[in-house]
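1. curious how this folds, go ahead:
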Amino acid sequence: LNHSIALVYIEQGSHTKAMDILRDVLDLQKECLGCSTGNSTDTNAHPDVATTLWSIGCIYEKRGKLDKSLRLFVKSLRLRRAVFGKTHVLIGLTLDKIGSCHVKNGDTKEALARYTDALKIYRANKIGEDHHRVKDLVKNIKNAMLTRRTDAPVGMKKRRGSSNSSWSAIDQQYLHHQPHQSNLKKHSSPETFEK
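-> So this is what the prediction gives:
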């Protein structure tokens, strides 16, 4: 319940109140569940802890503290992989978020790697090309590629083509267009397709 209250505070922009609640929630989770917080090997991983770390990371991201948010998203990813495996849609969602942090930090190469991994997971879960998550991710990949081309030295631009060229090379390299039917499976976590 407290986690839900914290999410409401986040939506209202009351980040300090949300952070206080989420830190208390995380302390209770560690105490009651006796679980890891994503710092090392996660033999006691719990999905609720991963979600709490994710939420705290979102607050840090909104505050512009990208290094802290990135560390928490990576911890959340570690826990989610331990609980759900490598291809669960929550892994894709987390990789997508990590990619966005890398873009904000100016590391488009790392962002593209995470975005591409997320897209593969979405497609493995048969999330259709018309789903908003996939559409947003494809747009993020294209924008990151455009940023890389714009920031590239002049000689590189000439070898790779101008930033106004068609997206076909990007599609082939990063998007590996493999359309699926829009067969969106329902997943157990309410955060899966929110925000």
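
2. sketch out the low-pLDDT regions of this protein for me.
-> 36-43, 150-195 (pLDDT under 70).

3. tell me where it has helices.
-> Along the chain, the segments classed as helices by DSSP state H run 2-12, 15-33, 47-62, 66-84, 89-104, 108-124, 132-151, 154-160, 168-170.

4. using TSV, lay out those together with mean neighbour count.
-> The C-beta positions use only the backbone N, C-alpha and C, and glycine is treated the same way. Formatted as TSV, those follow (neighbours: other Cβ atoms under 10 Å):
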stretch	mean neighbour count
helix 2-12	15
helix 15-33	16
helix 47-62	22
helix 66-84	21
helix 89-104	23
helix 108-124	20
helix 132-151	17
helix 154-160	10
helix 168-170	14
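
5. in contact with the nearest residue to Gly92 once chain neighbours are set aside, which residues?
-> Closest residue in space to Gly92, ignoring its immediate chain neighbours: Ile121 at 3.4 Å, by Cβ to Cβ, 6 or more residues apart in numbering. Residues near Ile121 by Cβ atoms under 8 Å, 6 or more residues apart in numbering: 86-89, 91-92, 95.

6. one more time with 7 Å, if that's ok
-> 87, 89, 91-92, 95 (Cβ atoms under 7 Å, 6 or more residues apart in numbering).

7. got a markdown table for those, with distance to Val138 too?
-> Formatted as a markdown table, the contacts of Ile121 follow (distance: Cβ to Cβ, whole Å):
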| residue | distance to Val138 |
| --- | --- |
| Thr87 | 19 |
| Val89 | 16 |
| Ile91 | 18 |
| Gly92 | 13 |
| Leu95 | 14 |
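
8. which one of the residues you listed is nearest to Thr16?
-> Relative to Thr16, the closest of these is Leu95; by Cβ to Cβ it sits at 28.6 Å.

9. ok, and the closest non-adjacent residue to that closest one?
-> Nearest residue to Leu95 in three dimensions, chain neighbours excluded: Ala118, at 3.9 Å (Cβ to Cβ, 6+ apart).

10. and if you look at Glu110?
-> His102 (4.4 Å).

11. with Arg114 instead?
-> Gly99 (3.6 Å).

12. who's in contact with that neighbour?
-> Counting by Cβ under 7 Å, 6+ apart, Gly99 touches 111, 114-115, 118, 140.

13. and Ile91, how close does it get to Glu31?
-> 27 Å (Cβ to Cβ, to the nearest Å).

14. kindly report the same for Asn143.
-> Noted for Asn143: a distance of 42 Å to Glu31, by Cβ to Cβ.

15. swap in Leu72?
-> Taking Cβ to Cβ as the measure, Leu72 and Glu31 are separated by 19 Å.

16. ditto for Ala118
-> 33 Å.

17. next one: Val25
-> Taking Cβ to Cβ, one finds Val25 at 11 Å from Glu31.
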